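[1] quick one, what's the 3D model for this:
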Amino acid sequence: WPLWIGLAFIGIYAALYYGGWVNAAAAFVVALVLALVAAVAQASHVLDLTQTADYDAVVGKSAGAMVEFFAPWCGHCKRLAPEYEKLADAFAKKKDKVVIAKVDADANRELADRIKLSGFPTLMYFPPNSQQGVPYNGPRTTEALADFVTQQSQIKSSMPPPAPPAAIELNVDNFNSIVENPDLDVLVEFYAPWCGHCKRLAPIYEQVARVLERDSHCVMAKIDVDDPKNAEIRTRFQIASFPTLSFFPAGSSDKWPRPYLKERTAEELLAFMNEKCGTFRTLEGTLTPLAGRLPKLDGLAARFYAAVTEAARGTLLDEVKAYVKELKDHVSSTRKASAADYYVRVLERILRDGTEYVKREHERLSKMLSKQAQGLSALTGEKIDDITRKINVLSAVMNERIAKAATKATQDASSAAAEATASSSAHDEL
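    Numbers count the residues shown, from 1 in each chain. Presented below is the predicted three-dimensional model:
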C-alpha cells in the first residue's frame, strides 16, 4: 500500500488508543481526505477506451483523439508508458479539443480487428469527426509525440519549448563553412528522413552531441542528403547508404573524411569522439580524471614536486618551459596551449610558496565542486569543467607513482643513450 495509507492507519490506531472514539473518528476523516488527495494526485490523464462503447463515444466525435493500441505483455508498450503519461499531462487542459487515450487491444480483439492492427504499440491520431486514423511512426518520446499531436490537431501542449538540437543541421549552404573549418573536428551523419536505421540513431546521436556541447571545437552534425537541394554533397562524398558517418579532423581546410566503423551506440560514439577530439567526456557530461592533462608534463611536474633541491627544480622548470614553447610552436590547439600554461603557473607557485600550495589549491577547488554538487552554489558548466581540469593537473603533480615512473623512464633513456654513444665510439675505433 502507499505510505499515506499506512500512516493513516497508524494515526487512527494512536488516536483510538490515546483519545478514544472521537479522536479516532477525526483521524478517519483525515485519512479519507488524504485518500482523495492522493487519488487526484495519482490520477492518469490517459483515457482508457478499451471498451468498444467507450471508444465509440470518443473517437470520431468532436475532439481529436491520439490513441495507443497496446498489449499488457508488450515490452515496447511498457517502455512507452511513462512517455505517454507525460504526453497526456501535456494536453490535460485541452481535453475538450484533443484526447490522449489508450486501448488494451489484447483484451478487445474485436476492436483490434476493426482497426486492422498488425503490432504493438500502434499509435494513431483520429481527427475530429473521423474514424480514419493517421499512423504515428516517429520517435517514442514525449517531445516527438507532442509535436505530432500539435501538428495534427493544431493544439499546442503545455510543454516548454524544447532546447535547440545539439547536433548541427547542415545543408549545401553551410556545409563547407563548418565541416571544412580547420579549427573544428567534425563528425557528420549523412542521413535520409525515411531511413529506419537513421531514425533509431537520431536520439543516440543527439545525446552524444549534447554531451559535447561545451567542447566547441568538437562538432557533431548531420545532413539530409536525400534532399535534392543537397544532391551535390551526396555526390561529392559518394554516399550510397544510410546512415553514413564520416569524421573530418581539424588541422586543414582541405579535409577528407575518415569513416566511422564502430557500433552506433552512445558509448561507442562518445569513445570515438573523445579519442579524436581529446575531450575526455563521460555520458553524464562530466570530465574524466585525464581531462586537462598532458602526459609529458605530468611526468616533469611530478618529478618537480618530488625533487628535494632547488637546483633540481630549476632544471626541471627550464625543461617544462622549453617543452611548452615547442608545443606552442608546433600545435595550433589553444586548449593544449592553455593546459600547458597551467602546469607552468603551478610549478612557479611551488617555487614561491612550497609544495603545500598544491594541496591547499586542490582542497579549495574540490570544495567548490562539492558545494556545487550540494546545490549551495551555481557554477556554470564551463566553470565546472575548468575547475575539474585544474584538479586533475594538481592530482597528477602530487602523484608519487607518476614521479617514480617518469624518473625511471628518464634514467632508462639516459642509459640507452649512453650505451648508444659507447657503441658508436667503439665502431669508430674499429
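[2] from the contact counts, what lies against the helix or strand harbouring residue 178?
    Residue 178 belongs to helix 175-179 when elements are defined using DSSP states H and E. Where contact means 3 or more CB pairs under 8 Å, 6 or more residues apart in numbering; DSSP states H and E, helix 175-179 is packed against strand 168-170, strand 185-191, strand 218-224. C-beta coordinates here come from the backbone N, C-alpha and C atoms, glycine included.
[3] what does it rub up against?
    Under the contact criterion CB atoms under 8 Å, 6 or more residues apart in numbering, helix 175-179 has outside partners 168, 170, 184, 186, 188, 219, 221, 223, 230, 233, 248, 255.
[4] go with 10 Å
    Applying CB atoms under 10 Å, 6 or more residues apart in numbering, the contact partners of helix 175-179 are 168, 170, 184, 186-188, 219, 221, 223, 230, 232-233, 236-237, 246, 248, 253, 255, 257.
[5] are any of these buried, and if so which?
    168, 170, 184, 186-188, 219, 221, 223, 230, 233, 237, 246, 248, 255, 257 (16 or more other CB atoms under 10 Å).
[6] any idea which of those the model trusts least?
    Lowest in pLDDT among the buried ones among the contacts of helix 175-179 is residue 255, which has 81.
[7] following the lowest-mean-pLDDT helix or strand in the chain, which helix or strand shows up next?
    None of the helices or strands of the chain scores lower by mean pLDDT, DSSP states H and E than helix 3-42, at a mean of 46. Following helix 3-42 in sequence order, the next helix or strand is strand 47-48 (DSSP H and E).
[8] following that following strand, which helix or strand shows up next?
    helix 52-58.
[9] distance from that next one to the middle of the chain?
    Centroid displacement of helix 52-58 relative to its chain, using CA atoms, centre = their mean, to the nearest Å, is 42 Å.
[10] buried ones in that helix?
    Buried residues in helix 52-58 (16+ other CB under 10 Å): 55, 58.
[11] now it: mean pLDDT?
    On average, the pLDDT along helix 52-58 is 96.
[12] direction included, what does the following helix or strand past that helix pair up with?
    Using DSSP H and E, the helix or strand that follows helix 52-58 in sequence is strand 64-70. For strand 64-70, the paired strands and their directions (DSSP bridges) read strand 98-104 (parallel), strand 122-126 (antiparallel).
[13] can you tell me which of those strands is most buried?
    strand 98-104 (a mean of 23; mean count of other CB atoms under 10 Å).
[14] sorry, back to before: could you dump the helices and strands packed on helix 175-179 to JSON lines with distance to residue 412?
    Listed next are these as JSON lines, based on distance: least, CB to CB, whole Å:
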{"stretch": "strand 168-170", "distance to residue 412": "47"}
{"stretch": "strand 185-191", "distance to residue 412": "34"}
{"stretch": "strand 218-224", "distance to residue 412": "36"}
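[15] before we move on, back to that, looking at the strands paired with strand 64-70, which is closest to residue 277?
    strand 122-126 (37.8 Å; CB to CB).
[16] give me the buried positions along stretch 62-69.
    63-69.
[17] again, but for stretch 106-119
    Buried, per 16+ other CB under 10 Å, within stretch 106-119: 106, 108, 111-112, 115, 117.
[18] ok, the residues you listed vs residue 395, which is closest?
    residue 106 (56.6 Å).
[19] for the record, mean pLDDT for the helix or strand containing residue 413?
    Using DSSP H and E, residue 413 sits within helix 400-429. Averaging pLDDT along helix 400-429 gives 71.
[20] again with stretch 109-127
    pLDDT averaged over stretch 109-127 gives 95.
[21] repeat for stretch 75-82
    94.
[22] what residues does that stretch touch?
    Outside stretch 75-82, the residues that reach it (CB under 10 Å, 6+ apart) are 44, 46, 68-72, 74, 84, 87, 102, 104-106, 119-123, 140-142, 145.
[23] and the end-to-end length of stretch 211-224?
    Length of stretch 211-224, first residue to last, CA to CA, to the nearest Å: 23 Å.
[24] to clarify, my last question referred to stretch 43-57.
    Using CA to CA, the end-to-end distance of stretch 43-57 comes to 21 Å.
[25] give me the contact list for that stretch.
    58-59, 65-70, 81, 84-93, 95, 99-108, 110-111, 114-115, 131.
[26] go again using 6 Å as the cut-off
    58, 88-89, 92, 99-104, 107-108, 111 (CB atoms under 6 Å, 6 or more residues apart in numbering).
[27] before we move on, what about stretch 243-256?
    179-180, 182-191, 198, 201, 257-260, 276.
[28] who are the contact partners of residue 233?
    Residue 233 makes contacts with 172, 175, 225, as judged by CB under 6 Å, 6+ apart.
[29] go ahead and confirm the last one touches residue 189.
    Spelled out, it's residue 225. No. If you go by CB atoms under 6 Å, residue 225 and residue 189 don't touch, sitting 9.8 Å apart.
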